[in-house]
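Novice: Sequence and predicted structure below; questions after.
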Amino acid sequence: MEIITLDSVLPQTPAVKTNPLQPKLQHSRVEAADLLGVSLRTLDRLVADKQLPVRRIGRRVFITREALSRFTKSDHQTGGAL
């Protein structure tokens, strides 16, 4: 009797390896919120208010490294009254 394993049935694809020294070109919403130190809700609000531009690939939303850098260097409105 022959034993069938997943390795013999599924095609072998090489794992995608990323270089940890090379920064990513774009980040997911969760990654971007973490990098900015804000909640996901706050990030979504910044995107909705067009303070932070996004790239869409299908249904997925990405924020570029340049957009995060521009946002952190720019002046932006605060939510509270002065």
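Specialist: Here it is on my side, so go on.

Novice: rest of the way, CA atoms for contacts and neighbours
Specialist: OK.

Novice: who's in contact with the strand ranked longest in the chain?
Specialist: Using DSSP state E to define each element, the chain has its longest strand at strand 60-64. Residues from elsewhere that reach strand 60-64 (CA atoms under 8 Å, 6 or more residues apart in numbering): 25, 26, 27, 28, 29, 32, 52, 53, 54, 55, 56.

Novice: burial of the residue nearest to the fifth one when sequence neighbours are not counted, as a residue count?
Specialist: Across the structure, with CA to CA, 6 or more residues apart in numbering as the measure, the residue nearest residue 29 apart from its sequence neighbours is residue 62 (6.3 Å). Other residues within reach of residue 62 by the criterion other CA atoms under 10 Å amount to 19.

Novice: Find me the pLDDT at residue 62, would you?
Specialist: Predicted confidence (pLDDT) for residue 62: 97.

Novice: So it versus residue 32, what's the distance?
Specialist: Distance, residue 62 to residue 32, using CA to CA, to the nearest Å: 8 Å.
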